[in-house]
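Asker: structure, please.
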Amino acid sequence: MRLHRLAVAAFGPFAGAHEVDFDALSGAGIFLLQGATGAGKTSVLDAVCYALYGGVPGARQGGTLRSHHAAPDTPTEVALDFTVAGRRLEVVRRPAQPRPKRHGTGVTTERAASLLRERDPAAGEWRGLSRSHQEIGEEIGGLLGLTREQFCQVVLLPQGDFARFLRADAEARAKLLGRLFDTGLFAAVEEHLAELRRRSHDAVRTGDEQLLHLAHRVRQAAGPAAAGARDVWSPDEAAPGDPGLADGVLAYAAVARATAREHADTAALRLRAAESAHADAADHLRDVRELARLQQLHADARQRQQALAERREEHEALGEQLRRARAAAAVAPALELRDQTAAAARRAAAAEESARAALPGTVAGGGPEQLDAHEARTRQELGALGAARRAEARSAEVAGELAALEEESRADEDVLREAAGWLDGWDALRGGLQRRVDEAQGAATRAEQLAAEHESARRRLAAAERRDELAGRTDEARQAQLAAAERAAEAQRTWLRLKERRLDGMAAELAARLTAGEPCPVCGSAAHPAPASTDGEHVGERAENEALAAYRAAERVREEAALRLDSLRQARAAAAEEAGEASRDALAATVERVAGELGRARELAAGALAARERLDQAHAEHARRVRGRQLAESRAAARASRADALTAERAARDAEVRAARGGAAGVEERAAQLTSLADRLAAAARAAREAVAAAARASRADSRAADAAYRAGFETPGQAAAALLDPGALRDLEARLEAWQAEAAAVAEALAEPRAAAAAARPPAAVAEAEEVFAAADRRLRTAATAGHTARERCDDLDGLSADAARRVRRLGPRRAEHRRVARLASLAAGTSAENERKMRLESYVLAARLEQVAAAATARLTRMSSGRFTLVHSADRDRGRGRQGLGLHVVDAWTGTERDTATLSGGESFFASLALALGLSDVVTEEAGGVRLDTLFIDEGFGSLDEHTLDEVLDVLDALRERDRTVGIVSHVPELRRRVPAQLEVVKGRSGSYVRHRTAAEH
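Answerer: The predicted model follows:
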């Protein structure tokens, strides 16, 4: 990578825009970056780092990049033109920064921005590549192959860091080397292997715990059989991780399983013996129970035979009763018919008597034929009343119509009177309503004019009030602005006075930070022969910063006061222009007068719509009343002629009705009388005929019942009726006789059965004793069956648990082997394994290899710088007690032939040793990053500790870098270098900020 041009603006100590031409500086191969302390030499290197990576070196991260001296409208920006991997690129970056608002007052924060361009050699112009921070970072990082930390160590060689690296312990060296060579991968491998070891250990332990749990389950399932297995192995004496745990569990399960099978075989033999005894007892019990049953059956038959003999007379009486009931059953239909016809005859006679009682006395005694003749005459008279009924109904309708006409006549008379009274006052009503409409319309027009006048007066009054109020506030703001300006000027004078005093005593301030034996941050020397001292009036950095902060705070207050005064003045002028020259009291009186007139006009105008509606309603009412009067007059004329016709018709209908109704109150009443009489006559005729027929049927049924009773063996129908039984009683009687006969047959059969007779001849059966024997055999069988079932289940459980244990042991075998392999690798990587002869961690081993490469590369330059005296060598011994092994760094002194620690080097020796180390590290890191050529290097401070001869040797080494087409920039304020290095870039500081200029040694 070669730098061509760097442009900065408002960056760090640089207030304006400045440019560094690296192409001009690179012509001599070596150039000097020099300037007074605090001028900003390191800020040039910060700008290069910020342009490439968007950040400054780690020690200065977090601070503001914007210059405190910059004008508000000057943006902070860094642009770097460089060549890398054969490509000419330019990167421009702006950090997030405040800027004045484009509209209004105050400031706003502008977001960070980046731009990457590439120059097209063929076209001779720049071509934009990206504006994305992430894309630009990835593009530049990929081309350089270095992280920001690596770049700061390799390109911007910080001599102070490498001087400390020489004296540092192994842990500090490991941190620096780890950042440069990114050995986090190897540390991650160590942690990954340790994690794998923990996981595999947990998996094996979990498997052992499961096996041990299975062993406890085997003991629980084995029960008594577990006692014999304790001689082989016991789960109570084992723990997860024991070497023989798996074999012990399997042996313990095998012994328990074999013992359980022996117990199961013994239980099976006992069960078969119990089953045989149970079968014998069951057969004996069955025989005894059968003998008892036969003996009981024969005894029961004897008792039933005796009971039948005692009930024989009752059985014969029931047989006679059944015979007579069956004979009477043949007469039952005739008897039932006789009873039914006699009852019907009685009912018919009663109905005839009731029907005749409802007739008039003149016709009640006649026979059926006379009653039919009277009914016919009555119905003929009833048919003649139809015309009279219609005449009576029409007479009632006519009366209703006449009443309605009378009601209509009265209603029309009321309408005519009311219409006449209202129409007489129509002209006066119409005139009054029209006048109110005209007045309301005029008031509405006046209200619109007054509203505009009132709004204008009100705005002028409000403007006058603001004008008077702002006058007082403007005076107050003017006084506040003057006071703030005085305070800001005083704060600025105080800050500048303190800053000047601090600059005068800056050498003493730097000397106060020196530590005996530590290199000077300015010249790099570890010897401090005559440090400057402070007096009692010295101003420190804190006091200067506090004064600067106070000045900036006072300046912000002054700016805010000026903005507030300007805003009040503008507001007052606008209010005065709107209010005019009138006073606030005069404007208030005008507003009050116009408001009163406006209220009265609006109140009058509010009735315009209501007045117009009332006028329209009055016109509609006038038209309605005129139409109503005309209609009423026409209805009266039609009503008079209709009333005359209805009166004549009603008289004719009333005469016809009086002739037809006779002595009744009306035609309907007469019709009802005739209808009732005709119905009674018809009912009486039917009842008389039914009574004669029913008497004849009853006589015939009585004769047939007497004949049937005689044929059935009864002297009279009454005897047959007494012998009758209802069907339920008859069935009950038959069932009782059949049951007696069945019982007699069953008793005879039971007494004739030979086995029962033989059993009766034997002694009584001993059932209770046989049942006790059987119960005892049954208990012994259940006990034996339970024991056998338990023994079989125990064997099955142990078989399953043994198989499960065998499966788990097989699955756990590969896990154990994996754990041993992973544990061996993890211990080897962690440096705790006996196989790791150097006892070095994997990351330390890699870092040691890198350090050995760095030491070899540094020795090539250190030998030349020290005139062949010193050589850097890597030491694999543990550094200083408990430090890391393999990160030791020694120097071999050819003059004495001794190898000693680098911490024993003097100040000058430490400088060129650290320079050689930095250059060697630059070569190794560059190679590690992919071999990207770094054509521009910067070396920061340390040359002040060298004598003239050593300085020549160091410059020769740096000049050798130029021979390989490299450019080396030396950052120093050592006067001797200003004489020896012709190409120089000077950073000059001043009160308004720093600036850069190109110069040569001859200009000094």
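
Asker: the helices in the stretch 601-750 of the chain, which residues?
Answerer: For the stretch 601-750 of the chain, applying DSSP state H, counting those that start in this stretch gives helices covering 608-661, 667-711, 717-723, 727-752.

Asker: to residue 41, which of the ones you listed lies closest?
Answerer: helix 608-661 (90.5 Å; Cβ to Cβ). Using the backbone N, CA and C atoms, a C-beta is placed for each residue, glycine as well.

Asker: quick check: mean pLDDT across that closest one?
Answerer: Taken as a whole, helix 608-661 has an average pLDDT of 77.

Asker: what's the answer for stretch 197-204, then?
Answerer: Here the average pLDDT along stretch 197-204 is 82.

Asker: excluding chain neighbours, give the residue nearest to residue 647 in space.
Answerer: Spatial nearest neighbour of residue 647, chain neighbours left out: residue 402 (6.9 Å); criterion: Cβ to Cβ, 6 or more residues apart in numbering.

Asker: excluding its backbone neighbours, what's nearest residue 26?
Answerer: Residue 26's closest residue in space is residue 967 (Cβ to Cβ, 6+ apart), at 4.0 Å.

Asker: what pLDDT does the one you found get?
Answerer: pLDDT, residue 967: 80.

Asker: against residue 365, how distant is it?
Answerer: Distance, residue 967 to residue 365, by Cβ to Cβ, to the nearest Å: 168 Å.

Asker: does residue 920 touch residue 852 like I think?
Answerer: No - the pair residue 920 / residue 852 is not scored as a contact, 11.0 Å apart, by Cβ atoms under 8 Å.

Asker: residues near the residue nearest to residue 647, how many?
Answerer: If you count neighbours by other Cβ atoms under 10 Å, residue 402 ends up with 14.

Asker: which neighbouring elements make contact with the helix or strand harbouring it?
Answerer: Per DSSP states H and E, residue 402 falls inside helix 386-424. Contacting helix 386-424 under the criterion 3 or more Cβ pairs under 8 Å, 6 or more residues apart in numbering; DSSP states H and E are the following elements: helix 608-661, helix 667-711.

Asker: how about residue 133, nearest residue that isn't a chain neighbour?
Answerer: residue 114 (5.1 Å).

Asker: ok so that neighbour is a strand residue?
Answerer: Yes - counting by DSSP: H, G, I helix; E, B strand; the rest coil, one finds residue 114 located in a strand.

Asker: contacting residues around it?
Answerer: With contact set as Cβ atoms under 8 Å, 6 or more residues apart in numbering, residue 114 has these partners: 54, 91, 92, 93, 94, 130, 131, 132, 133, 136.

Asker: switch to 7 Å and redo it
Answerer: Neighbour list for residue 114: 92, 93, 131, 133, 136 [criterion: Cβ atoms under 7 Å, 6 or more residues apart in numbering].

Asker: and what of residue 608?
Answerer: Here residue 608 is in contact with 437, 440, 441, 444 (Cβ under 7 Å, 6+ apart).

Asker: repeat that for 6 Å
Answerer: Residues counted as contacts of residue 608 (Cβ atoms under 6 Å, 6 or more residues apart in numbering) are 440, 441, 444.

Asker: out of those residues, which are buried?
Answerer: Among the contacts of residue 608, the ones that count as buried by 16 or more other Cβ atoms under 10 Å are 440, 444.

Asker: nearest to residue 210, of the contacts of residue 608?
Answerer: Nearest to residue 210 among those, with distances taken as Cβ to Cβ, is residue 444, at 101.1 Å.

Asker: ok, residue 920 and residue 852, which is more surrounded?
Answerer: Comparing residue 920 with residue 852 by neighbour count (other Cβ under 10 Å), the higher total belongs to residue 920, at 22 against 17.

Asker: centroid-nearest residue for this protein?
Answerer: residue 134 (34.0 Å; Cα atoms, centre = their mean).

Asker: the helix or strand harbouring it - contacts with which helices or strands?
Answerer: Assigned by DSSP H and E, residue 134 belongs to helix 133-144. Packed against helix 133-144 by the contact rule (3 or more Cβ pairs under 6 Å, 6 or more residues apart in numbering; DSSP states H and E) you find strand 113-120.

Asker: could you check the angle helix 133-144 makes with the strand it packs on?
Answerer: Put simply, strand 113-120 runs at 40 degrees to helix 133-144, going by axes from the mean of the first three to the mean of the last three Cα atoms, to 10 degrees.

Asker: mind listing what's buried along the next helix-or-strand element following strand 113-120?
Answerer: Once strand 113-120 ends, the next helix or strand along the chain (criterion: DSSP H and E) is strand 125-130. Using 16+ other Cβ under 10 Å as the burial criterion, the residues of strand 125-130 that qualify are 129, 130.

Asker: give me the number of residues near the nearest residue to residue 337 once chain neighbours are set aside?
Answerer: Distance criterion Cβ to Cβ, 6+ apart; nearest residue to residue 337, sequence neighbours excluded, is residue 701 at 4.7 Å. If you count neighbours by other Cβ under 10 Å, residue 701 ends up with 19.

Asker: quick check: angle from the longest helix along the chain to helix 386-424?
Answerer: Longest helix in the chain, counting residues (DSSP state H): helix 426-504. Angle between the axes of helix 426-504 and helix 386-424 is 70 degrees (criterion: the same axes, to 10 degrees).

Asker: can you state the direction angle for helix 426-504 and helix 608-661?
Answerer: Angle of helix 426-504 versus helix 608-661, following the same axes, to 10 degrees, is 140 degrees.

Asker: helices or strands up against helix 426-504?
Answerer: Using 3+ Cβ pairs under 6 Å, 6+ apart, helix 426-504 sits against helix 541-579, helix 584-605, helix 608-661.

Asker: possible to save those as a markdown table with distance to residue 915?
Answerer: Shown next, in a markdown table, are the helices and strands packed on helix 426-504 (distance: least, Cβ to Cβ, whole Å):
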| stretch | distance to residue 915 |
| --- | --- |
| helix 541-579 | 30 |
| helix 584-605 | 84 |
| helix 608-661 | 104 |
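
Asker: give me the number of residues near residue 693?
Answerer: 11.

Asker: whoops, I mixed them up, residue 98
Answerer: By other Cβ under 10 Å, 12 other residues sit near residue 98.

Asker: list the beta-bridge partners for it.
Answerer: Listed beta-bridge partners, residue 98: residue 109 (assigned using DSSP bridges).

Asker: hmm, it is touching residue 107, no?
Answerer: Yes - between residue 98 and residue 107 a contact is recorded at 4.5 Å, counting by Cβ atoms under 6 Å.
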